[in-house]
Each structure stands twice: as C-alpha cells, then as structure tokens.
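[1] What follows is a predicted structure for the sequence shown.
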Amino acid sequence: MKKRSSIIIAFLVIIFAASFMLSGCDNGDYDFSRPQVSADVSSQSLGRIIDPGSEIRGVWIASTYNIDYPSNPDLSYDQLKSEIDAILSTCSANKLNTIFFQVRPACDALYRSSIFPVSRALSSTGELVFDPLEYLIEEGHRNNIFIYAWINPLRVSLGAAEISSLPDTSPAKLHPDWVVNYNGRLYFNAGIPEVRKLVSDGVAEVVKNYDVDGVVFDDYFYPYPAYDSAGSLIEFDDSKEYSEYGQAFEDISDWRRDNINRMVELCYDAVHNADRECVFGISPFGVWQNDNGKNDGSKTRNFEAYHSLYCDSLAWIEGGYIDFICPQIYWQMASATSPYGVIIDWWNRKLDGSDVYLLTANAAYRYEEDAWEDPHGELSWQIEYSRSRKYYRGSVYYGYSVIKRNVLGASDEIMTVNEHEIVYSEIVSNGLDIKILFPAEGYETTEETIVIKGASDPFYPLTINGTKVGRTKTGEFEAEVSLTTGLNNFVLKENGKEYNLNIIRKP
C-alpha cells in the first residue's frame, strides 16, 4: 500500500473566495477575453511539496526505441542507475514533480515480471541486471516526485515482426492465437477475453509489487490505420472473434469499442483492488470526434480516436473506469484545425459532473520539430490558459530530450510557469445562482451562432438545453449555441434551478 502521507512535507490551506460578484443580467466589468485564474488555486512559493492536491507537472520518459531511457540496451548496472539519476536531476531542475515512465512498451517489462519478458530496450539477452522501476520509485519518492507506470496494453511488437522472433516466455508466443499481424506488426486482439485478463493481470502485478503512484495507458489501442500500396485501408483481422463474441453488436466498430471499454474497466478494478491510493488514467489522442452537428464532438478537423482507434473516452468517464484523463493536445493555441484551447475546453465540458480530473499532455517535442512555425511562449500560454479550467489538475510534457537540452527555451518556459507551487482544493459550492452576462434577455442578432457568457455555482453540473457546459474553477462559462431564424429559447439548469434566456435571430 502507498505511504503517500510520508512524503507530504508541507500542508497548504486553500482559501476559497469568489473571483467576482454578479447581479442581474448586467455585463459588468468582467473580462472574458483572457483566461480567469481561479481563487481556489494557491500560488504561494513554498519550496517543493508533494500533496495529493499538488498540480501535476510531469514528463513522459519513453523506453520505446530507447528514446529517453535507457540510452542503449545492455548498459551496465552503474550506467542504468546513472541515467535515472540524470532524469531525476533534470526533473528537479525544471520543477517537475511527476514522471510517466514507460515500463511496458510492447508485451515486455522494464521491471521484474513473472508475466512478461525483460524488455529488449533494456537487455538483448533477457537478463535483468538492474530494476529501473524499483530504483526510480525509491529515488523519485525521496526527491518528492510521483512515479506513474506507463503501459502500452495491446502492442506486441514495435516494428515488423513474426511471432517466432519473440522471446519464448512472451505471452504472445505462448498464445499465438491471441495475436493479429497488422501491416507486419503484432498486436493483441482485444476481442478475446483472455487478452483483456492478461492486460489487467499485468497491471495488477505492477501495482502489487511496486509503490507506483499511478498507472497510465497512452493512445495505442487498436492500431492506427494503415494503407496498402493502392491506398486501400488494411483491415484488422478479427472477424473470427467478432463472429464468436460480438453477436450483440450489429456493427463491428461498436464491438471493438466495447472490447476496449471492458479492458479499461478490468484494469481500473485491478489497480484499485491492489492499492486503493494508486490512480488509473488514460492519455488518448486529443480529438474524440469532430463535431458533425449531431455528436457533440469538438469543433476540430482532425483524426478521430473514436472511429479509427475504437477509443471511446467518454464511455470511460461516464462509466467511472478512470481516475483521470490526459488527452494528447499536441497542437498550438492558434492551430487552424485543432486549437489547443478549443480542445481542452471540450474535455473540461465533458467532465462536468464526473469524478474524473483533467491532465493535459503537452508537446514539448514540437520545439525541435518544424511543425510549429514559432513555438516561443506556446507552452507557457497553454498552461496558463488551462489552469483556470474547472477539472484541470496539471500537465505532462512529451519530449524529455527537448526539455533537458532547453531547445528554443522550452526548459526556461517550464521553469517560469512552474515558479510557484499550486495545490488545488476540491470544488465547493459558492451559492451562486445562474447569472447571464451576455446576451441580455430578448437580444436580437442576424448571426447563426452566439456565445452565452455567465457564471453559476461550480459545484453543480450546468446544462443548456440538456448539453453540459464547461466552466472555470469558480463557475464562469462561455457556451457557443446555434440559432435558427425567429425566437430561440435556451433553458439553463443547475441543481434544480432553471433560467430561461430568449434570443431572436432576425432574417
């Protein structure tokens, strides 16, 4: 069991105060043009602390292809230890308090396991000369750094491979009928119940044997789509399992999503049965679905995890199968197709009324890529924007090497934005009734859409005509709604209270 209380070295009393007082339907002096910092967030400089409510300031440490750790396979005990010491030193220098450490990149283990063979990223011989997870936890906790085990649940091989090339102890080699070869790469078939149990057993093994603070899956579920030389989509061959297990589903896509949902629920239970204090979450591709006018997706134009990876994050939130969601929002605030602010606001809205908290995965690696024309200040902007959102509890940067080398000032930005400790309190009721700042009752316009601005009690979920509304930590909101010609009635509901707003769209 965790002894997290033993590493709490300070306690911060959060003083909650409403950020403003509203009355009637006046526009007042409230400025919605800039992100509002919530009053339930403390920014006192207290030195390094670890508190259950501390803002997560994390980094992904990837073992895939030896990206971050270890630098090469077959390093000595001292070399492996030294590289972890360097990672912890870099984290401390950048005021990062959480490491998402990739312990299972592909049906293997960077820890002592009775289920999976030793990762080839660590050893080409299968010999575990050093347990990096054990050492990272010991030294990380000593330095007040949370350690999360990052697991890829269904990937069997990183590149083109045959089952015969796998270690003899690999579950995939022992059960080749559980594996699908997709475009030359190997994946476990989530439609097989034994596969889902294998994944949850592997998660339970980590949590039972190691004092990890959390477990996280990334965006790899069913494989990213691949196409043949003629440009046709290559089909994932699970038709046999669909015939055997998918009788209740008319569409194979719905069956695949259900398979992932079942696996996620099993893993959530495995984590909490092993350690009630350990948290479980997932870091999906940033876009669930693009808004098509009917699905209430985000106003983006991008790849959709729901359709292509069979990844229904909203089902996990609504089912209570995760403790946190950490969408990979690897785009700029000014992106034409996937603006960072639009996406985080969408996730914040979808979490309203749930017990799931929001982290964001932020793209430090883009500072070295040519994808962002001018990244200067982007990370700072994104974090400052995020902090006022009701469910936001922190960020995890992908691109450790960029931070370590301070490419284009990425490290400088992170240290500046993390200058002060922040501990988030639970959202509490402020007793505020629903207030509308804009527009006024009976407002007339010729526009097809309008943004309703106002505030309400953040403790209770808020809806407009049945649709959830995302808010800041103190209850402020902006909600874009569509208008038809003539009278448009919008009913805002919260905690049994109702507010009617009429807007007229002129021809």
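    That came through fine.

[2] Name the SS class of N181, please.
    The assignment at N181 comes out as strand when based on DSSP: H, G, I helix; E, B strand; the rest coil.

[3] wait, A204
    Going by three-state DSSP, the secondary structure assigned to A204 is helix.

[4] which residues sit in contact with the nearest residue to it once chain neighbours are set aside?
    Distance criterion Cβ to Cβ, 6 or more residues apart in numbering; nearest residue to A204, sequence neighbours excluded, is A270 at 4.1 Å. (C-beta placed from N, C-alpha, C; glycine too.) When contacts are counted by Cβ atoms under 8 Å, 6 or more residues apart in numbering, A270 touches S200, D201, V203, A204, V207.

[5] Surely V203 touches I151?
    Yes - V203 lies in contact with I151 (Cβ atoms under 8 Å); the separation is 6.6 Å.

[6] between those two, who's got more neighbours?
    More crowded of V203 and I151, by other Cβ atoms under 10 Å: V203, with 26 against 21.

[7] what's the pLDDT at that one?
    We have a pLDDT of 98 for V203.

[8] Now do the contacts for it.
    I151, V215, C267, A270, V271, F280.

[9] pLDDT on the host helix or strand of the residue nearest to A204, on average?
    Secondary structure from DSSP states H and E places A270 in helix 252-274. Over the span of helix 252-274, the pLDDT mean works out to 98.

[10] A371 in helix, strand or coil?
    coil.

[11] Tell me the pLDDT of it.
    Predicted confidence (pLDDT) at A371: the value is 77.

[12] if I look at it, how far off is E304?
    As for A371, its distance to E304 is 20 Å (criterion: Cβ to Cβ, to the nearest Å).

[13] who's more crowded, those two?
    Shown here are A371 and E304; by other Cβ under 10 Å, E304 has more neighbours (18 against 13).

[14] Contacts only, for that one.
    If you count contacts by Cβ under 8 Å, 6+ apart, E304 has them with V287, W288, Q289, N290, G297.

[15] got a list of what the closest residue to the first one other than its chain neighbours touches?
    Just to be clear, that refers to V287. Distances taken as Cβ to Cβ, 6+ apart place N302 nearest to V287, at 4.6 Å, with adjacent residues excluded. Going by Cβ under 8 Å, 6+ apart, N302 touches G286, V287, N290, T337, S338.

[16] looking at the residues you listed, which has the most residues close by?
    Of the contacts of N302, with other Cβ under 10 Å as the count, G286 tops at 26 neighbours.

[17] Hmm, it is touching I329, no?
    Yes - look at G286 against I329 with Cβ under 8 Å: they come within range, at 4.4 Å.

[18] Quickly list what's touching both of the two.
    S338, I343, A361.

[19] Just the closest of those to N94, please.
    Closest approach between the shared contacts of G286 and I329 and N94, by Cβ to Cβ: A361, at 16.3 Å.

[20] Pretty sure S386 is one of the things that closest one touches, is it not?
    No - checked against Cβ under 8 Å, the pair A361 and S386 is beyond contact range at 11.5 Å.

[21] Give the residues shared as contacts by these two.
    Contacts common to A361 and S386, judged by Cβ under 8 Å, 6+ apart, are S395.

[22] Run a quick neighbour tally on T446.
    9.

[23] Not counting its neighbours along the chain, what's nearest it?
    The shortest distance from T446 to any non-neighbouring residue, by Cβ to Cβ, 6+ apart, is to K506 (5.2 Å).

[24] ok, now K468?
    In this structure, K468 finds its nearest non-sequential neighbour in D352, 4.7 Å apart by Cβ to Cβ, 6+ apart.

[25] ok, the most centrally placed residue in the chain - contacts?
    In the chain, the residue lying closest to the centroid (Cα atoms, centre = their mean) is C326, at 0.8 Å. Residues near C326 by Cβ under 8 Å, 6+ apart: V216, G281, I282, S283, L358, L359, T360, A361, V396.

[26] and the third one, bridged to which residues?
    Just to be clear, that refers to I282. Taking DSSP bridges as the rule, I282 bridges to F217, I325.

[27] That one contacts I317, doesn't it?
    No - counting by Cβ under 8 Å, I282 stays clear of I317, with 10.0 Å between them.

[28] shared neighbours of the two, which are they?
    Contacts common to I282 and I317, judged by Cβ under 8 Å, 6+ apart, are I325.

[29] The two: which has the busier surroundings?
    Set I282 next to I317 and count neighbours by other Cβ under 10 Å: I282 wins out with 26 against 19.

[30] The more buried one and Y65, how far apart?
    22 Å.

[31] do W347 as well
    Note on W347: its distance to Y65, by Cβ to Cβ, is 29 Å.

[32] show me the contacts for the residue lying closest to F285 once chain neighbours are set aside.
    Excluding the flanking residues, the one nearest F285 by Cβ to Cβ, 6+ apart is A305, at 4.1 Å. The contact partners of A305, by Cβ under 8 Å, 6+ apart, come to D219, P284, F285, V287, W288, C311, S313.
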